[in-house]
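[1] model this:
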Amino acid sequence: MPLSQNWGLTENGFIAPSYEEVLDSVEDDFISKFGTDIVLTSNSNFGILARLIAWRETLMIQELQKNYYSAFISTAIDTSLDRVGSNIGVGRKVAQPAFATIEVTTDGQYLIETGETFETDDGYVFDLIKDITTTQQPDGTWKGTGIVQSEENGSMNNVAANKITMESNPDDNVLSITNPEPAGGGQDYEDDETYRARLLEENAAKPGPTAWGMKSALMELPGVRDVNPVENDKGVPNRWGDDPYSVHIYVLGGDDREIAHTIVNHEAAGITLVGSKAMDVLDATGNKRTVHFDHAIEKPIYAKVTLTVNENWNDDEGTDDVKAAIAEYINSLTIGKTLYLTRLYPLVYGVDGIDEATIEIGTNLATLSGKDIVNEINEAVSCDENNIEVDVNGL
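    Below you'll find the model as predicted:
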């Protein structure tokens, strides 16, 4: 019989028939044109032609279906998703380097030239992007500060404070190096699912002068993982000590100056911002404004997973799959969200070959336990796969 008319663009979206339905339609057309005595088996001439035509028609219909769904945030992929994002003025985040301010102590006045490289203990390399000339401090030491940029792109370069401590080419005149604050701005290429979630969020709260509009604008910055604007709409300080009728913006990641500029560009007139970090930036009229905010406190999570496995366990990939599942979930949690231990068990049991699992988590290796990790409004958990130990104790 002919292919059902209820396919293509319908009131329920774009409906695509299956290959089998298309093949049935082609075979019915052959019978109507050449008679009922033709042979349509898979190894006959008519059968081969019917399958070839049906397969090509199926592929064409599937492409039409992809074209239809590429117009929507929830279903577009790859470059189609980029184009949908551009329609609402929200681009995909691309890989970016991290930046940090380093403090250098030298033996007397000294010049450190642009291009000098510095490192962390675990091998992250940063280039100096402007000369440093050390000057004598009140305590008699010679110190200077400068900006360094990571040689590679990616969020892994957002190293913690006091991690950039070595000069790649040691110099006897340089006594010590450190970064007093964490590096920021490092950004991984934003995958489809992360970009899609941000598009949906920003489509609901356009960048603007409201607290959640500012969150939307800040989320577009490289290296910013999450933003939590806390509004105190009462006439008295809240339990976190914020002033009456104020907004306290907590930002996870990102570069301080970019954060401050974005807040100024989207801040509503008369709004009171509070926070321990104060940045002076120029607004659109050229006037200097002091912007207050805070970085959210990132709590590294450690985990130990003890497994009893069976013959379906993959010795080569199973451990990595468990680590990846746990780390991905923890890193998806937003500022202030509690890390519930029970949410990790389905992820672990989702890996093939596991009979029994015991999971312990904590903020350091010495305090692992089977308890949830509760976060304040300015705290966020994160997890590196290297912080997860997987103990496979038997087949």
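[2] work out for me the element Thr165 sits within.
    Using DSSP states H and E, Thr165 sits within strand 164-167.
[3] could you list every helix and strand that that strand packs against?
    Applying 3 or more CB pairs under 8 Å, 6 or more residues apart in numbering; DSSP states H and E, one finds that strand 164-167 contacts strand 117-120, strand 174-178. The way it works is simple: take the backbone N, C-alpha and C, and place the C-beta from them, glycine included.
[4] for Glu152, find the nearest of those.
    strand 117-120 (12.1 Å; CB to CB).
[5] ok, and for whichever strand in the chain runs longest, which residues are buried?
    Ranked by residue count and defined by DSSP state E, the top strand of the chain is strand 142-153. Neighbour counts over strand 142-153 (16 or more other CB atoms under 10 Å) mark 142-144, 146, 148-150, 153 as buried.
[6] kindly export that strand (C-alpha atoms) in PDB.
    Extracted in PDB, the C-alpha atoms of strand 142-153 (Å, rounded to 0.1, in the frame of the first residue of the first chain):
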ATOM      1  CA  TRP A 142      62.400  43.800  46.400                       C
ATOM      2  CA  LYS A 143      59.100  42.700  44.800                       C
ATOM      3  CA  GLY A 144      57.100  43.200  41.600                       C
ATOM      4  CA  THR A 145      53.900  41.900  40.100                       C
ATOM      5  CA  GLY A 146      53.000  40.900  36.600                       C
ATOM      6  CA  ILE A 147      50.400  39.100  34.500                       C
ATOM      7  CA  VAL A 148      51.100  35.600  33.100                       C
ATOM      8  CA  GLN A 149      49.100  33.700  30.500                       C
ATOM      9  CA  SER A 150      48.900  29.900  30.200                       C
ATOM     10  CA  GLU A 151      50.600  28.500  27.200                       C
ATOM     11  CA  GLU A 152      47.700  26.100  26.600                       C
ATOM     12  CA  ASN A 153      44.000  26.700  26.500                       C
END
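[7] need the contact partners of it.
    95-110, 112, 117-118, 124-137, 157, 164, 179, 183, 186-188 (CB atoms under 8 Å, 6 or more residues apart in numbering).
[8] what does stretch 70-78 give?
    69, 80-81, 83-85, 192, 196, 199-200, 203.
[9] quick one, domains of this protein?
    8-69, 97-178, 205-295, 299-392 (automatic domain parsing).
[10] got CSV for those, with mean pLDDT and distance to Val90 too?
    CSV is the format used below for the domains of the chain (pLDDT from 0 to 100; distance: least, CB to CB, whole Å):
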stretch, mean pLDDT, distance to Val90
domain 8-69, 89, 19
domain 97-178, 93, 19
domain 205-295, 85, 7
domain 299-392, 93, 18
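[11] looking at the ones you listed, spot the one closest to Gly89.
    So among the domains of the chain, domain 205-295 is nearest, using CB to CB, at 8.2 Å.
[12] just the element for Ile326, please.
    Assigned by DSSP H and E, Ile326 falls in helix 318-332.
[13] that helix: what's the following helix or strand?
    Criterion used, DSSP H and E; the element after helix 318-332 is helix 344-349.
[14] okay, buried residues for that following helix please.
    So for helix 344-349, counting by 16+ other CB under 10 Å, buried means 344, 347-348.
[15] now, which of the residues you listed sits nearest Glu376?
    Using CB to CB, those come closest to Glu376 at Leu344, 21.1 Å.
[16] list the contacts for the closest one?
    303, 326, 329, 359, 361.
[17] try it again at 10 Å.
    Shown here is Leu344, whose contacts under the criterion CB atoms under 10 Å, 6 or more residues apart in numbering are 303, 305, 322, 325-326, 329-330, 357, 359, 361.
[18] just the buried ones from these, in ChimeraX syntax?
    One line in ChimeraX is enough to select the buried members of the contacts of Leu344, burial here meaning 16+ other CB under 10 Å:
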select :303,305,322,325,326,330,357,359,361
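[19] farthest-separated two in the contacts of Leu344?
    Top of the distance list for the contacts of Leu344 (CB to CB): Ile330 and Ala357, 16.2 Å.
[20] contact partners for the most far-flung residue of the chain relative to its centre?
    Farthest-out residue of the chain from its mean C-alpha position, per CA atoms, centre = their mean: Asp37, at 61.6 Å. Asp37 sits next to Ile31 when contact means CB under 10 Å, 6+ apart.
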